[in-house]
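Asks: For reference, the sequence and a predicted model appear below.
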Amino acid sequence: MNIISPSYSQDELLICMLARELRDHEVIGVGNNSPVPAAAALLAKALQAPSAILYILGQPGWPFEGTGEFFNLMQRGGIDVFFLSGAQIDAYGNINLHVIGNYNQPKVRLPGGAGSAIVYFMCKRILLFKTDHNAKGFPEELDFATSVSSSQPYVHRPSQLAGLFTPLGIFRPAAITKEAEAGRLQLTHTAPGVQAHFVQAQTNFDLKLAASGEPIPETAAPSAEELATLRGVVSGQLEQIYPEFARQTFSKV
Amino acid sequence: MNIISPSYSQDELLICMLARELRDHEVIGVGNNSPVPAAAALLAKALQAPSAILYILGQPGWPFEGTGEFFNLMQRGGIDVFFLSGAQIDAYGNINLHVIGNYNQPKVRLPGGAGSAIVYFMCKRILLFKTDHNAKGFPEELDFATSVSSSQPYVHRPSQLAGLFTPLGIFRPAAITKEAEAGRLQLTHTAPGVQAHFVQAQTNFDLKLAASGEPIPETAAPSAEELATLRGVVSGQLEQIYPEFARQTFSKV
Amino acid sequence: MPSKFLTLTEAIDLIENGMTLAVSGNMEMSPMALIREVIRAKKISLSLVCVGAAAINADLLLGANCVRTIEFSQISLGEFGFAPHFRRRFEQENDSVTGLEHACPSLIAAITAGAMGIPFIPVRGLIGTDYMSIRPDFKQLTNPYNAEEQIAIVPAIRPDVAIFHAYQADTEGNVLAHPSQNNRVLAQASERTIVSVEQIVSPEELKKAEGSRIPAAFVTAVVHVPFGAHPTSCPGIYKIDNTHIRHYLEASKSETGFEDYLHRYVTAPKDHEAYLFDAYFREIKR
Amino acid sequence: MPSKFLTLTEAIDLIENGMTLAVSGNMEMSPMALIREVIRAKKISLSLVCVGAAAINADLLLGANCVRTIEFSQISLGEFGFAPHFRRRFEQENDSVTGLEHACPSLIAAITAGAMGIPFIPVRGLIGTDYMSIRPDFKQLTNPYNAEEQIAIVPAIRPDVAIFHAYQADTEGNVLAHPSQNNRVLAQASERTIVSVEQIVSPEELKKAEGSRIPAAFVTAVVHVPFGAHPTSCPGIYKIDNTHIRHYLEASKSETGFEDYLHRYVTAPKDHEAYLFDAYFREIKR
């Protein structure tokens, strides 16, 4: 079942990769239908970010009036980190949560964009993730642009894409200095045991691996501490929000 | 002290005149620093309008979050009646709550417009009132237009001025049909014991009394029931919001 | 003043065909008893507004053919995946349902504008996304306070009727709702607001309870419907009925399966109690 | 995380000269202890925003020369009539204070826009009044959804610091405030929010209390200051101190009278307790 290692699942690796990105004292938001980021935020808080403030949609003790006050906080720059995903993610981190195929008569109608068309612009650091990494999920061109990773200078956009995280690796937007590639996602780490050419084979957009030439390091596997925390305290907390996910992800290991 | 009658005060008469305008089932709003309208609303509720809903700024048990939710209700048309006043009121019911004299260096700086510049446009029926009736308070031209009684057709304005009420009489805007006079305030009733020419002498804008020729009727004096209710139950309720006013107005009679 | 306390049937009588009906809730706190009554009363051509991410609340109304247009930000069955009728109707050629898509924050902003009595409201983001092409009524303006900035505006939403499920109402019609459902602003934006509640309590009790408070001033009708969110959850009182949701998904796979579902759970039960009995009453009491 | 529970001095240290300072309250619930500390700390050139009709809160700051610009909708001492320093400074030639006038509803709308992170917001009314000439930043737009309608917009207000007085804070920094003061939206609009409270209670107690709740997420600092609204009232706990207000009005009639007042009640008392003793402690306990 598990292509990476028998000792942890792909979801667990992804959760750890995301959790490591989070910093102490940050205000971290997690949207709806997002068990993996919710677990990552809880894991970070249990480990390196005890003073982080987490707002997880669906959490018990929601302090805001509706989601409205939370989105207002987000619109005025009060959320430091947010997680987004896409059924399709392109080479620049633009995302599609709407349709596969033509918008007016799609092959697959997806649930819709939720908050991403505003969140992507307004949270300081955006962590893109995708729980499955198949070639079709990473096209050169999206069928629909639910949200975009960059904007014209005339659009207020205090946010930045921090990276894309999948079970196969970590991708970072190219530095602004490299003219032609500015903002294009580059594979910076592979998952443990995964080779770069395998990632390219699973990715329809061009990772331009040849261009860099340097060998691509592996990201660290989940540590014993991370796994114990995840399967212990985090699983218990997550169960209150995502009972099905918590049961399926952590119970069978 | 009392120029009209020894049995009731000018404030009491004004409160009764305003209260009689209010209808059962109406949603009635009263702004801040407005003891006379507050008393009128409470009196109407105690008499002919038991099912009226009163929102009196400063009342105990305020149901809204701040004044904001109340103003929102008002902006979307949820308040049927509101009371406004002015340091100056002109012949069309435009009001000045800002300054006597020049705005930039006024002779008298008044407290300011409060909600009137929006309320006047958005509540269905506006009852203008003035607790003192002196000539200078009713000029042909205002020193500052804090709010206006009518608007161009391109401005959303579901409201109408129902009338002006003072200790000397009742004034109604002329019907739209009489071209030249449309909206101009006409004296329709004098206070008991007050003659029309006395009202004109106390009013700087032209009441055009000669034009109508018809004799102007007196409005009814406060009835025994009105006065008993006002000095009893209403005074008690008003004391919670306007202790000074309630004491001074009702205790000494 | 007429009583605010109505039966399910009386409450749904306030909704007319073709009206704009707003509904909150998702796999938590959906007003399912009210929604089943809408279907039972054969309401059609509704313009549905889903306040926040929607789920089986919208999906059931779409499946039962009550909806002509639907304004939403996301529709799925949460941990149970795709919403079957939403998906079917939006994938099908020449379907009669029109979708109007919003981002969650802009949808709540549009409802806030409705609550404020203003015709439109600026929102962040959106510019450069495909929302701007599928929503020609989302407009791009030059910020009048900063000529170098473009900003999106969206039109206000003012539903004719809002329906939602809440924990309690007191005898004066004040309501205690779940804090994450935007019901307070929704109630203000809507001409009429119908609330189903688990419990009727005294004003003193309601004042002491914890949650989002909605003053009676914003509430048109209260319907006392214990388990009124079933099969979605009412956090702290009952959990989501997984068995029922799986049954719903299974039934929704075929036209006849869904017809059977509607018959069994919506049209056949003589009232909400009869529905509950059929819908595995014992299970939801866990 | 640093503690939210500060002393008066520590809290007012968060305010820098020249900042935009928002204050709520009027003859009820004005944060007078915080305001006296602002004066004691000699803060100057503040851009004061009065949230809702203001009173002695704004008047005292104007009298003590802390204010450069003041945004407001109305300033008076309620049943005590004109606000003396407001009136004097606005009637005086070449005074250093600039006034920015709003209607109450548009002022709250502007603060709501600040809380929503948007640069401006439409409001009803205003067009045709003289506000449109004294506020060139109030603009008239064609409604993009109705070419035949003109509508006013006002710019968002985002204060650097907000100060207000409330009933209680719990040990986690959640606050219970008076329901008619717009403090919840003010706290959201402001970069930092300082709240003085009558009482510190447990989270359980706060949940049961009645009033406007402000989550700790919107609160920067809490200062425990019993009688912190004196001489204004704290409805349900203490009434307005009529004697003190009359004394304030009398003292404000002359420059030396007001200097004496400031010395006696603001600069001389070593702390809030000393102030209270001098300000007729026994009387306000009625």
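Replies: That came in fine, so what should we check first? Numbering: from 1, shown residues only, chains lettered A, B, ... in the order given.

Asks: Quick check: the residue of the stretch 151-253 of chain A nearest chain B.
Replies: Minimum separation of the stretch 151-253 of chain A from chain B (CB to the nearest CB) falls at A:H156, amounting to 24.7 Å. Every C-beta, even on glycine, is put in place using the N, C-alpha and C of the backbone.

Asks: backbone phi and psi for that residue, please?
Replies: phi -70, psi 120 (degrees, to the nearest 10).

Asks: how near is it to D:P235?
Replies: Look at A:H156 and D:P235: by CB to CB, to the nearest Å, they are 41 Å apart.

Asks: Any stretches of the chain with poor pLDDT?
Replies: Assuming you mean chain A. Flagging of chain A using pLDDT under 70 yields the residue ranges A:1-6, A:176-180, A:211-213, A:251-253.

Asks: that's the other chain; I wanted chain C
Replies: In chain C (pLDDT under 70), the answer is C:1-2, C:280-286.

Asks: Surely C:C66 and C:L46 touch.
Replies: Yes - contact criterion CB atoms under 8 Å: C:C66 and C:L46 qualify, at 5.3 Å.

Asks: which residues do those two both contact?
Replies: By CB atoms under 8 Å, 6 or more residues apart in numbering or on different chains, C:C66 and C:L46 have these common neighbours: C:V38.

Asks: and the stretch 101-250 of chain C, which of its residues are near chain D?
Replies: Within reach of chain D by CB under 8 Å from any CB of the partner chain, the stretch 101-250 of chain C has these residues: C:109, C:112, C:116-124, C:137, C:139, C:141, C:143-146, C:149, C:151, C:153, C:155, C:207-208, C:210.

Asks: Buried ones among those residues?
Replies: Neighbour-count burial (16 or more other CB atoms under 10 Å in any protein chain shown) is assigned, among those, to C:109, C:112, C:116-124, C:143-144, C:151, C:153, C:155, C:207.

Asks: Stretch A:72-89 and chain C in contact?
Replies: Yes - counting by CB under 8 Å from any CB, chain C has neighbours in stretch A:72-89: A:M74, A:Q75.

Asks: Pull up the distance across that stretch, start to finish.
Replies: Distance across stretch A:72-89, first residue to last, is 27 Å (CA to CA, to the nearest Å).

Asks: does any part of that stretch sit near chain D?
Replies: Yes - Stretch A:72-89 reaches chain D (CB under 8 Å from any CB) through A:N72, A:L73, A:M74, A:Q75, A:R76, A:G77.

Asks: other SSEs contacting the helix or strand where the first one lies?
Replies: If you go by DSSP states H and E, A:N72 is part of helix A:68-75. For helix A:68-75, the packing partners by 3 or more CB pairs under 8 Å, 6 or more residues apart in numbering or on different chains; DSSP states H and E come out as helix A:116-122, helix C:104-116, helix D:104-116, helix D:183-189.

Asks: now the angle from it to helix C:104-116?
Replies: 120 degrees (axes from the mean of the first three to the mean of the last three CA atoms, to 10 degrees).

Asks: Considering only the residues of the stretch 101-250 of chain C next to chain D, which also neighbour chain A?
Replies: C:A109, C:T112, C:V123, C:R124, C:E149, C:I151.

Asks: Going by distance to B:I118, which of those wins?
Replies: C:T112 (17.4 Å; CB to CB).

Asks: Convert stretch C:190-199 to CSV, retaining C-alpha atoms only.
Replies: Extracted C-alpha coordinates of stretch C:190-199, given in CSV (Å, rounded to 0.1, in the frame of the first residue of the first chain):
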residue,chain,number,x,y,z
SER,C,190,-32.7,38.4,4.8
GLU,C,191,-36.2,39.7,4.6
ARG,C,192,-37.5,36.8,6.6
THR,C,193,-35.6,34.3,8.8
ILE,C,194,-36.9,30.9,9.8
VAL,C,195,-34.9,29.0,12.5
SER,C,196,-35.4,25.4,13.6
VAL,C,197,-34.2,24.8,17.1
GLU,C,198,-33.4,21.8,19.3
GLN,C,199,-34.9,23.4,22.4
